[in-house]
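Colleague: Have a look at this prediction, sequence included:
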Amino acid sequence: MKPSRWLFVSIAVGTAMQFSAFGQTNPCPRFSAGSVVRNPPALYSQNGSLTVNLSYNTTTDADGRILYCFTTSQGVESPTLYVHPGDHLIVNVKNNLPLPAPASAMQMSTNAALVCGAPTMDASSVNIHYHGTNVSPTCHSDEVIHTLINSGQTFTYNIAFPTDEPPGLYWYHPHVHGIAEVAVQGGASGAIVVEGIEDLQPGVAELAERVLIIRDQTVAGKPMPGGAVPAWDLTLNYIPIAYPTLIPAVIRMQRGGREFWRVSNSSADTILDLQVLFDGTPQTLLLVGLDGVPVGSQDGARQSKLIPITDLRLPPASRMEFIVTGPSASVKNARFTTQAIATGPNGDNDTARTLATIVGSDTSDGVSTVPAVSGPPWQPRFADLQTAQVTTQRKLYFSENADQTQFFITVNGQKPVVFSANNPPAVVTTQGSVEDWTIENRAQENHEFHFHQIHFLVLSQDNFQINGSQPVQAIQNQLMDMIEVPYWDGNPAHPYPRVTVRMDFRGPDIGDFVYHCHILNHEDQGMMAIIRVKAAP
């Protein structure tokens, strides 16, 4: 345990309650618009393990939104969970949601032998996905197909992190098919940090560390999206940036000081394109990590290489970690922003917004500190994937039905089907395989490819420019668990936008798990499928 970080926990919790519009009795407190951004409360593993007791709660805010949250037994909401490679994360979950009406219950359509937790899904059901972690998909680990925790029930997760887990930013959130979107938009999510990034990238050692979680939620009054009206409001560490006032949060940052920002797009549906602007000029950010993996660390050198960028596009569930320099005294207007996104004729209206104004001060406010370098860089997982022998190539595609009520992700040559836990695996492979997958978007809105249990190497981003999109150069040849595939323009003479990624099944994870679009509205309506990894002979 690091005393400076532990002290910050108590400060952060007290501040959250102070700014809450509902007081300490509210199980899911939220900040007021324009509040100062502080890191979420944090918990740290000790002696190889971290045990957390989380309650799943709900309430309604002043605008009628249904909120959801995970809180500790001390009432701490959505703590950031710090672990080391090789640690065990033990999470005891108690579902405190009220018992729903009997009419809402439905029998899970699956083999009873596969059920993990409750056999029947209803409106109260929850589970937890440990997004991006390279851990087992078995029951009581990161299993989401058959795991249900219903009203009044308790369940224990024991997540064993590999000893070669890449150090960086991950996150946790509910993943019950059919109701994942409302739970994540309700705010039930938090960050996971696998420690040690300073050993692979010494440039972050002893910097002020800022954990920023961007979530989305419904717009008050539910106006029709279009023009200046966004499809969803955004929040930054639970501080609302709400339409129509769009009052930004406030980040207090040391003038000219360097900070290490760990940013998670923990929204259900909203695509972001993030920038830091000083007097309207995009600032150079030094990219350290993507989706939990230090950039450049997989090329055999082990040492991460900084990538200079001026913006980065983050689909829902993606994470970026970077070094940023605070404004000098001469800067009049410093902002942390997201640019507008062209999501296609059938896509959401993801508008440009200022997430926070950056105020220069004598010291950074509301942050913790990255540890000092403690050892040489270690061999991270996936390090030689680029030169590995490919055993199989596959093509998959995103598509939708005409009225956008059913969404599909389909292996080429198979029949499009909506997801069911009772579906057979769409892909069967064997532990030890290395596969190249090409994923096309045949729909007129953006889709986001996410794969559980492993990361993939980005090989190519093709046919993006046809609709005015551009490949994201910073992610090329990097390891990700999320990638965006832009919309097709509908012209039969034009090829489909597509990405090609290299999948690594050489690790220890075997069994059934899933891949899907991480726009959770699309996943809830069927855009998910099962892969089965058989044990090596």
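Modeller: Yep, it's here.

Colleague: For the rest of this, base every contact and every neighbour count on C-alpha atoms.
Modeller: Noted.

Colleague: so where's the chain uncertain?
Modeller: 1-24, 102-112, 299-301 (pLDDT under 70).

Colleague: Output the longest strand belonging to it.
Modeller: When the chain is parsed with DSSP state E, its longest strand is strand 49-60.

Colleague: any idea how far that strand is from the chain center?
Modeller: 18 Å (Cα atoms, centre = their mean, to the nearest Å).

Colleague: Check which residues of that strand are buried.
Modeller: By neighbour count on 16 or more other Cα atoms under 10 Å, the buried set for strand 49-60 is 49-52, 54-59.

Colleague: can you list those residues in CSV and add distance to residue 328?
Modeller: CSV is the format used below for these (distance: Cα to Cα, whole Å):
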residue, distance to residue 328
49, 42
50, 40
51, 42
52, 41
54, 42
55, 43
56, 43
57, 43
58, 43
59, 42
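
Colleague: how close does the closest residue in space to residue 433 that isn't next to it in sequence get to residue 332?
Modeller: Distances taken as Cα to Cα, 6 or more residues apart in numbering place residue 505 nearest to residue 433, at 5.2 Å, with adjacent residues excluded. Distance of residue 505 to residue 332, computed by Cα to Cα, to the nearest Å: 51 Å.

Colleague: With residue 37 instead?
Modeller: Between residue 37 and residue 332 the computed distance is 20 Å (Cα to Cα).

Colleague: So the two - more neighbours on which side?
Modeller: residue 37 (24 against 12; other Cα atoms under 10 Å).

Colleague: thought that one was touching residue 359?
Modeller: No. Residue 37 is not in contact with residue 359 according to Cα atoms under 8 Å; the separation is 11.1 Å.

Colleague: so what's in contact with these two at the same time?
Modeller: Common neighbours of residue 37 and residue 359, using Cα atoms under 8 Å, 6 or more residues apart in numbering, are 250-252.

Colleague: Please check the residues you listed and keep the buried ones.
Modeller: Buried among the shared contacts of residue 37 and residue 359 (16+ other Cα under 10 Å): 250-252.

Colleague: Just give me the closest of those to residue 472.
Modeller: When these are compared for distance to residue 472 (Cα to Cα), residue 251 wins out at 27.1 Å.

Colleague: Surely residue 447 and residue 439 touch.
Modeller: No. With contact defined as Cα under 8 Å, residue 447 does not reach residue 439; the gap is 10.2 Å.

Colleague: Name the residues contacting each of those two.
Modeller: With Cα under 8 Å, 6+ apart as the test, residue 447 and residue 439 both reach 398, 485.

Colleague: Between these two, tell me which one has more neighbours.
Modeller: Neighbour totals were compared for residue 447 and residue 439, and residue 447 leads with 29 against 24 (other Cα under 10 Å).

Colleague: Now do the contacts for that one.
Modeller: Residues counted as contacts of residue 447 (Cα under 8 Å, 6+ apart) are 398, 441, 484-487, 517-519.

Colleague: now swap in residue 66 and tell me
Modeller: If a contact means Cα under 8 Å, 6+ apart, then residue 66 has 58-60, 186 as its contacts.

Colleague: what's across from it in the sheet?
Modeller: Under DSSP bridges, the beta-bridge partners of residue 66 are residue 60.

Colleague: what's the helix or strand for the closest residue in space to residue 326 that isn't next to it in sequence?
Modeller: Sequence neighbours aside, residue 256 is the residue nearest to residue 326 in space, at 4.4 Å (criterion: Cα to Cα, 6+ apart). For residue 256, there is no host helix or strand (DSSP states H and E).

Colleague: Number of residues surrounding residue 256?
Modeller: 15.

Colleague: and what of the one 4 residues further on?
Modeller: Summarising burial for residue 260: neighbours were counted as other Cα under 10 Å, giving 26.

Colleague: wait, doesn't the residue nearest to residue 326 sit right on residue 331?
Modeller: No. Between residue 256 and residue 331 there is no contact under Cα under 8 Å: 10.4 Å.

Colleague: Which helix or strand contains the closest residue to residue 479 other than its chain neighbours?
Modeller: Of all residues not flanking residue 479 in the chain, residue 457 sits nearest, at 4.5 Å (Cα to Cα, 6+ apart). In this assignment (DSSP H and E), residue 457 forms part of strand 456-462.

Colleague: Buried ones in that strand, by neighbour count?
Modeller: In strand 456-462, counting by 16+ other Cα under 10 Å, buried: 456-462.

Colleague: quick one: the strands in the stretch 201-350 of the chain?
Modeller: 208-217, 233-236, 239-241, 249-254, 258-265, 272-278, 281-282, 285-290, 293-294, 307-309, 312-314, 319-325, 334-338 (DSSP state E, counting those that start in this stretch).

Colleague: Which one, of these, ends up nearest to residue 148?
Modeller: Taking Cα to Cα, strand 208-217 is the member of the strands of the stretch 201-350 of the chain nearest to residue 148, at 23.7 Å.

Colleague: Pull the distance from that closest one to the chain's centre.
Modeller: Centroid separation for strand 208-217 versus its chain: 11 Å, with Cα atoms, centre = their mean.

Colleague: Relative to it, what are the paired strands and their orientations?
Modeller: strand 233-236 (antiparallel), strand 258-265 (parallel), strand 368-369 (antiparallel).

Colleague: Out of those, which one sits most buried?
Modeller: Of the strands paired with strand 208-217, the one with the most neighbours on average (mean count of other Cα atoms under 10 Å) is strand 233-236, at a mean of 25.

Colleague: for that one, the distance to its chain's centre please.
Modeller: On Cα atoms, centre = their mean, the centre of strand 233-236 falls 15 Å from the chain's centre.

Colleague: and the closest residue to residue 130 other than its chain neighbours, what is it in contact with?
Modeller: Sequence neighbours aside, residue 172 is the residue nearest to residue 130 in space, at 4.6 Å (criterion: Cα to Cα, 6+ apart). Going by Cα under 8 Å, 6+ apart, residue 172 touches 128-131, 189-192.

Colleague: and residue 113, how many neighbours?
Modeller: Residue 113: 8 surrounding residues under other Cα under 10 Å.

Colleague: and what of residue 176?
Modeller: For residue 176, the count of nearby residues is 24 (other Cα under 10 Å).

Colleague: quick one: it and residue 143 touch, right?
Modeller: No. At 10.5 Å, residue 176 does not count as touching residue 143 under the criterion of Cα under 8 Å.

Colleague: For the stretch 1-150 of the chain, which segments count as helices?
Modeller: Using DSSP state H, counting those that start in this stretch, the helices found in the stretch 1-150 of the chain span residues 3-19.

Colleague: At which residues are the strands of it located?
Modeller: Applying DSSP E, counting those that start in this stretch to the stretch 1-150 of the chain gives strands spanning 42-44, 49-60, 66-72, 80-83, 88-95, 106-107, 116-117, 120-121, 129-131, 147-148.

Colleague: could those strands go into CSV alongside distance to residue 468?
Modeller: Converted to CSV, the strands of the stretch 1-150 of the chain look like this (distance: least, Cα to Cα, whole Å):
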stretch, distance to residue 468
strand 42-44, 41
strand 49-60, 40
strand 66-72, 37
strand 80-83, 38
strand 88-95, 43
strand 106-107, 44
strand 116-117, 45
strand 120-121, 42
strand 129-131, 30
strand 147-148, 41
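
Colleague: between those strands, which gets nearest to residue 387?
Modeller: Closest among these, once you apply Cα to Cα, is strand 129-131, at 26.3 Å.

Colleague: The closest one - contacts with which helices or strands?
Modeller: If contacts are counted by 3 or more Cα pairs under 8 Å, 6 or more residues apart in numbering; DSSP states H and E, strand 129-131 sits against strand 168-173.

Colleague: after the strand it packs on comes which helix or strand?
Modeller: helix 180-185.

Colleague: now could you export just the CA positions of that following helix as PDB?
Modeller: Only the C-alpha atoms of helix 180-185 are listed here, as PDB (Å, rounded to 0.1, in the frame of the first residue of the first chain):
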ATOM      1  CA  ALA A 180     -25.900  -4.200 -20.700                       C
ATOM      2  CA  GLU A 181     -26.500  -0.700 -22.200                       C
ATOM      3  CA  VAL A 182     -28.800   0.600 -19.400                       C
ATOM      4  CA  ALA A 183     -26.500  -0.700 -16.700                       C
ATOM      5  CA  VAL A 184     -23.400   1.000 -18.200                       C
ATOM      6  CA  GLN A 185     -25.300   4.200 -19.000                       C
END
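
Colleague: That'll do, ta.
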